[in-house]
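**Student:** Dropping the sequence and predicted coords here.
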Amino acid sequence: MNAQLNILIVDDHALFREGLEGLLNILPEVRTIFQASNGYEAILVAEKEDLDVILMDIEMPVMDGFQATKIIHNKYPNIKILALSMRDNPSSILEMCSHGASGYLFKICDLQEIKNGLETVLNGEKYFQKEIGKIIINGIIENANNGIPFKFKNIVKEKERIILTYLAEGMTIDQISLKMNYSVKTIEGIKTNLFIKTETRNIASLIAYCLRNRIID
């Protein structure tokens, strides 16, 4: 692994970021460590700093790791992104990879595992914690048995699924906002995120996509 690495930690828990920074500073190859509390902040750091690697969480406010990974990978393909999350479901792993992540680690891993991951992705290869292979295989088998296309399983969160159902029923954004007690801005943000996840451009194509792939009934 090359010396003098610039690494960005993206996680919405300050204590986790601080603890991880302390561990990474043990590695002699690390020069500078930056922090961001959500995907949007990560994009701002990537725009200003010369980053080598990003350790990216998934579940965060404002902008999650899926969207941030996709945007950063498209704009700055030389920055390696290594997912670091508590999520252990196959769909999250595959979705991060489809958006440009070079590997996936669980937050329970140790410093040596992170070092192995950094070395591997910086050499242009993919890195996955060893338990992930079994998770992916089990997910494929489970969904094949249920007749569900694997890559669409759990692509949306429960809150997103509820909003999709209301949209399919013909409700407006204002009506959904009142019913769910969320601001219109929040509902609009979730809708935009769904467009990005499903690569659709309007509500009609979004609903058609979700019905076709059994995301909603």
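**Tutor:** Good, I have the coordinates. Predicted model, so just to flag it, every value in this text is computed and none were measured.
**Student:** Checking my notes, residue 17 in a strand, right?
**Tutor:** No: using DSSP: H, G, I helix; E, B strand; the rest coil, the secondary structure at residue 17 is helix, not a strand.
**Student:** measure it to residue 36 for me?
**Tutor:** According to Cβ to Cβ, to the nearest Å, residue 17 stands 8 Å off from residue 36. In short, each C-beta sits where N, CA and C put it, glycine included.
**Student:** Could I get the buried residue list for stretch 125-137?
**Tutor:** Neighbour counts over stretch 125-137 (16 or more other Cβ atoms under 10 Å) mark 127, 128, 129, 132, 135, 136 as buried.
**Student:** For it, the averaged confidence score.
**Tutor:** In this model, stretch 125-137 has a mean pLDDT of 79.
**Student:** next one: it to chain centre, how far?
**Tutor:** Average the C-alpha atoms of stretch 125-137, do the same for its chain, and the two points are 16 Å apart (Cα atoms, centre = their mean, to the nearest Å).
**Student:** Check stretch 195-213 too.
**Tutor:** So, by Cα atoms, centre = their mean, the centroid of stretch 195-213 is 19 Å from its chain's centroid.
**Student:** CA-only coordinates of it, as PDB, when you get a sec.
**Tutor:** Coordinates of the C-alpha atoms in stretch 195-213 are reproduced here as PDB (Å, rounded to 0.1, in the frame of the first residue of the first chain):
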ATOM      1  CA  PHE A 195     -35.900   7.900  -9.200                       C
ATOM      2  CA  ILE A 196     -32.100   7.500  -8.700                       C
ATOM      3  CA  LYS A 197     -32.400   4.000  -7.300                       C
ATOM      4  CA  THR A 198     -34.700   2.800 -10.000                       C
ATOM      5  CA  GLU A 199     -33.200   4.900 -12.800                       C
ATOM      6  CA  THR A 200     -36.600   6.300 -13.700                       C
ATOM      7  CA  ARG A 201     -37.600   9.900 -14.500                       C
ATOM      8  CA  ASN A 202     -41.200  10.300 -13.600                       C
ATOM      9  CA  ILE A 203     -43.900   8.800 -11.300                       C
ATOM     10  CA  ALA A 204     -45.500   6.700 -14.000                       C
ATOM     11  CA  SER A 205     -42.300   5.000 -15.000                       C
ATOM     12  CA  LEU A 206     -41.400   4.600 -11.300                       C
ATOM     13  CA  ILE A 207     -44.600   2.900 -10.400                       C
ATOM     14  CA  ALA A 208     -44.400   0.700 -13.500                       C
ATOM     15  CA  TYR A 209     -40.900  -0.300 -12.600                       C
ATOM     16  CA  CYS A 210     -41.900  -1.200  -9.000                       C
ATOM     17  CA  LEU A 211     -44.900  -3.200 -10.100                       C
ATOM     18  CA  ARG A 212     -42.900  -5.100 -12.700                       C
ATOM     19  CA  ASN A 213     -40.200  -6.100 -10.300                       C
END
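**Student:** contacting residues around residue 181?
**Tutor:** Contact criterion Cβ atoms under 8 Å, 6 or more residues apart in numbering gives no residues in contact with residue 181.
**Student:** gap between it and residue 187?
**Tutor:** Applying Cβ to Cβ, one obtains 11 Å for the distance of residue 181 from residue 187.
**Student:** about what we covered before: mutual contacts of residue 17 and residue 36, please.
**Tutor:** In terms of Cβ under 8 Å, 6+ apart, residue 17 and residue 36 are both contacted by the residues residue 9.
**Student:** and the two? which has more neighbours close in?
**Tutor:** residue 36 (23 against 20; other Cβ atoms under 10 Å).
**Student:** Right, I'll leave it there.
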